[in-house]
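Asks: got a predicted structure plus its sequence, pasted below:
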Amino acid sequence: MKKLINDPANVLSESLLGVDAAHPELRVDHEHKVIFRGDAPRPGKVGLVSGGGSGHEPLHGGFVGHGMLDAAACGEVFTSPVPDQITAATNGVDGGAGVLHIVKNYTGDVMNFEMAAEMAGATGGAEVVAVVTDDDVAVQDSLYTVGRRGVGVTVLVEKIAGAAAEAERSLSDVAAVARRVNAAGRSMGLALTSCTVPAAGKPTFDLPDDQIEVGIGIHGEPGRTRVPLAPAAEMARMLVDPILDDLEFSGDGVLAFVNGMGGTPLIELYLMYHEVDRLLAKAGVTVTRSLVGSYITSLDMAGCSVTLLKLDDEMLRLWDAPVRTPALRWGL
Amino acid sequence: MVDAEAIRSWLSLFAAEVARNRDLLTRLDAAIGDADHGANLDRGTSAAVSALAGDAALSPRTLLKTMGMTLVSSVGGASGPLYGSLFLRMAGSAGGADSLDAPAFAAALRAGLDGVVARGRAQAGDKTMYDALSPACDALDHAVAAGNDLGHALSLATAAADAGRNATIPMLARKGRASYLGERSVGHQDPGATSVALLISTAARALSGDVSQ
């Protein structure tokens, strides 16, 4: 394992020291490993809290700031934060208008956020509403499973719900916007390589040089199928086709998001964006907004995911609203 | 009888076995999950052992509660809430008693299983910790009802937990991250069922000596 680390056990705490030093506009609670907006809590504004395992940066800590999250609870690498951390984040952003939890649909995340919300309820703390993201079409949804994973659409939910909260909309309103975004978005990803969890010290799975994993999540869990490496045009089809098969995207304008998994350079992501754009044009899908870059990653994994979001007028307006965070910044 | 000292030695032994099997648990998790079960559980049980060492409490309930609270606040992932709920429910079942006889210990473990189900909503055959814990509770209840001492009953529960753990290998995962693999989860032993088998076997080792009718 070659990594820019001192000790595998201290990767998260030492990285948070760097976040703190680099971003004076944020406040870091090192004891609870929570990144706050410097001006949290803001009276009268719904507080937005997300969080999850670390290793997906910039998600979630990089999206804390004006127009997006108020706090991010940072779990160990690929491990949900514990209820104490989520409670600290929730209390720290409670400006009296309630708190929205944005939770990716993973068993551990859902359980820990549930426990934190139960504690808030039991101790007369903030009113908490949770929205769970589950946009990954690689996972077959059924009554008998845990449902789809929350992946790329989580970034879009945080941005769009964040803009609604910044406009001082009510908790139920902000939650409804978040749920609408989740319902209108779908994602699919592939990996060219595994990732290496610092504490494990070696790649999570073996992937020969001439093979790719299709339908991966964001924790190095293997995908659904392994196929031979193919040209980018074909790999784009492997991602776009299952998304278009899952939801009707023609008609409304669409936000197309090509996301890097952490170990893939932007030059390849733009090349992929071109392939995705061509496929969408051929399918009669109108792209009105785009996002290209590594925003929800899986440590050093090479590969990418594609997320499509059907934008209605309100979502479009909220997407365009000003945002100022370490990783997304426009209009301010 | 299972008194506070017996509970303390069980939990210390469990922590030691988790540490010894840390890499195995992580390797099993890498195959069908996210390669962190060993590291996370080891972090939690180590923290719990430190917390228990500083806890002069003399009842099983307070020790089990400290164990549960420490795991909830230090493990993370799904294992934290699940193992935490197991021990917190055991603490509740133990009540204020200074020590637990065999039926009371079996009832406490059964309450722990109910806590796991309430939190994780797992059922038999989902390929989770339930598949080792549930047969262990059944075997324990049965053996205790038949009049066996706790030591012998726990050795039967250990055999049941081990068999339940092994039975997860051919199962198709329906809960947790392994469920995302669909058919590819078949052929791998569940890491949660594996750590539960350690929990039961360490109970058999730690509690048998303390329980001679």
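Replies: Nice, thanks for sending it over.

Asks: which residues sit in contact with residue 205?
Replies: Going with chain A. Taking Cβ atoms under 8 Å, 6 or more residues apart in numbering or on different chains, we find residue A:205 in contact with A:194, A:213, A:220, A:222, B:30. (Each C-beta comes from the backbone N, C-alpha and C, glycine too.)

Asks: correction: the question concerned chain B.
Replies: So residue B:205 contacts residue B:13 (Cβ under 8 Å, 6+ apart).

Asks: now for residue A:200: which residues touch it?
Replies: Residue A:200 is in contact with B:26, B:30, B:35-36, B:39, counting by Cβ under 8 Å, 6+ apart.

Asks: out of these, list just those in helices.
Replies: Judged by DSSP state H, the contacts of residue A:200 include B:26, B:30, B:39 as members of helices.

Asks: cross-check these against chain A and keep the overlap.
Replies: Contacts with chain A within the ones in helices among the contacts of residue A:200, counted by Cβ under 8 Å from any Cβ of the partner chain: B:26, B:30, B:39.

Asks: list just the nearest of these to residue A:46.
Replies: Set against residue A:46, the nearest of those by Cβ to Cβ is residue B:39 (35.4 Å).

Asks: which parts of chain B sit against chain A?
Replies: B:26, B:30, B:32-36, B:39-40, B:43, B:72-82, B:119-120, B:174-177, B:179-182, B:184.

Asks: just the ones of those in helices?
Replies: With helices taken from DSSP H, the overlap with the residues of chain B next to chain A comprises B:26, B:30, B:32, B:39-40, B:43, B:72-74, B:79-82, B:119-120.

Asks: how many neighbouring residues does residue A:179 have?
Replies: For residue A:179, the tally of surrounding residues (other Cβ atoms under 10 Å in any protein chain shown) stands at 16.

Asks: beta partners for the closest residue to it other than its chain neighbours?
Replies: Leaving aside its chain neighbours, residue A:179 sits nearest to residue A:131 (5.5 Å; criterion: Cβ to Cβ, 6 or more residues apart in numbering or on different chains). Note on residue A:131: beta-bridge partners by DSSP bridges are residue A:102.

Asks: which ones are touching residue A:131?
Replies: A:100-103, A:157, A:161, A:175, A:178-179, A:182.

Asks: out of those, which is nearest to chain B?
Replies: Among these, residue A:103 lies closest to chain B (Cβ to the nearest Cβ), at 13.1 Å.

Asks: isn't the closest one right next to residue A:134, touching?
Replies: No. Using Cβ atoms under 8 Å, residue A:103 makes no contact with residue A:134, being 9.8 Å away.

Asks: which neighbours do those two share?
Replies: In contact with both residue A:103 and residue A:134: residue A:150, using Cβ under 8 Å, 6+ apart.

Asks: who has more neighbours out of the two?
Replies: residue A:103 (26 against 22).

Asks: dump the residue contacts of that one.
Replies: Residue A:103 touches A:50, A:52, A:109-110, A:113, A:130-133, A:150, counting by Cβ under 8 Å, 6+ apart.

Asks: in CSV: those, plus pLDDT.
Replies: Formatted as CSV, these follow (pLDDT from 0 to 100):
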residue, pLDDT
A:50, 98
A:52, 97
A:109, 95
A:110, 95
A:113, 96
A:130, 97
A:131, 98
A:132, 97
A:133, 98
A:150, 95
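
Asks: out of the contacts of residue A:131, list just those in strands.
Replies: Among these, the members found in strands (DSSP state E) are A:100-103.

Asks: tell me the residues of chain A that contact chain B?
Replies: Residues of chain A lying near chain B by Cβ under 8 Å from any Cβ: A:53, A:75-84, A:106-108, A:111-112, A:114-115, A:138-140, A:144-146, A:149, A:197, A:199-200, A:204-205, A:217, A:219-222, A:224.

Asks: mark which of those residues are buried, thanks.
Replies: Buried members of the residues of chain A next to chain B, scored by 16 or more other Cβ atoms under 10 Å in any protein chain shown, are A:53, A:75-84, A:106-108, A:111-112, A:114-115, A:138-139, A:145-146, A:149, A:197, A:199-200, A:204-205, A:217, A:219-222, A:224.

Asks: mean confidence for stretch A:153-165?
Replies: Averaging pLDDT along stretch A:153-165 gives 98.

Asks: again with stretch B:58-69
Replies: The average pLDDT within stretch B:58-69 is 93.

Asks: and that stretch, which residues are buried?
Replies: B:59-69.

Asks: cool, stretch A:158-175 as well?
Replies: Judged by neighbour count (16+ other Cβ under 10 Å), stretch A:158-175 contains these buried residues: A:158-166, A:169, A:171, A:174-175.

Asks: top of the ones in strands among the contacts of residue A:131 by neighbour count?
Replies: With neighbours taken as other Cβ under 10 Å, the top of the ones in strands among the contacts of residue A:131 is residue A:100, carrying 31 neighbours.

Asks: quick one, which of the contacts of residue A:200 are buried?
Replies: Buried among the contacts of residue A:200 by 16+ other Cβ under 10 Å: B:26, B:30, B:35-36, B:39.

Asks: so where is the stretch 101-250 of chain A shaky, pLDDT-wise?
Replies: The model of the stretch 101-250 of chain A has pLDDT under 70 over residues A:141-145.

Asks: show me where it has strands.
Replies: With strands called from DSSP state E, counting those that start in this stretch, the stretch 101-250 of chain A shows them at A:128-133, A:185-191, A:211-214, A:225-228.

Asks: then chain B?
Replies: Under the criterion DSSP E, chain B contains strands at B:2-3, B:99-100.

Asks: pairing partners for the first one, with directions?
Replies: Strand B:2-3 sits in its sheet next to strand B:99-100 (antiparallel), going by DSSP bridges.

Asks: point out where chain B drops to low pLDDT.
Replies: Applying pLDDT under 70 to chain B picks out residues B:209-213.

Asks: most remote residue from the middle of it, which is it?
Replies: residue B:183 (26.9 Å; Cα atoms, centre = their mean).

Asks: neighbours around the residue lying closest to that residue once chain neighbours are set aside, how many?
Replies: Nearest residue to residue B:183, sequence neighbours excluded (Cβ to Cβ, 6+ apart): residue B:172, at 6.7 Å. Residue B:172 sits with 18 neighbouring residues when counted by other Cβ under 10 Å.

Asks: check contacts around residue A:1.
Replies: When contacts are counted by Cβ under 8 Å, 6+ apart, residue A:1 touches A:196, A:198, A:201-202.

Asks: what of residue A:301?
Replies: By Cβ under 8 Å, 6+ apart, the neighbours of residue A:301 are A:191-195, A:216, A:220, A:261-263.

Asks: apply 6 Å and report the result again.
Replies: By Cβ atoms under 6 Å, 6 or more residues apart in numbering or on different chains, the residues touching residue A:301 are A:191, A:195, A:261-263.

Asks: which one of those residues is nearest to chain B?
Replies: Chain B has its nearest neighbour among those in residue A:195, at 9.4 Å by Cβ to the nearest Cβ.

Asks: is it correct that the closest one is in contact with residue A:299?
Replies: Yes. Between residue A:195 and residue A:299 there is a contact at 4.0 Å, judged by Cβ atoms under 6 Å.

Asks: neighbour-wise, which of those two wins?
Replies: Remark: of residue A:195 and residue A:299, residue A:195 carries more neighbours, 28 against 23, as counted by other Cβ under 10 Å.

Asks: re the thing from before, redo the contacts of residue A:131 as CSV? Include distance to residue A:2.
Replies: Shown next, in CSV, are those (distance: Cβ to Cβ, whole Å):
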residue, distance to residue A:2
A:100, 39
A:101, 36
A:102, 34
A:103, 33
A:157, 34
A:161, 38
A:175, 43
A:178, 39
A:179, 42
A:182, 37
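
Asks: hmm, back to that, quick one: the residue farthest from the centre of chain B and residue B:156, what's the gap?
Replies: With distances taken as Cβ to Cβ, to the nearest Å, residue B:183 is found 34 Å from residue B:156.
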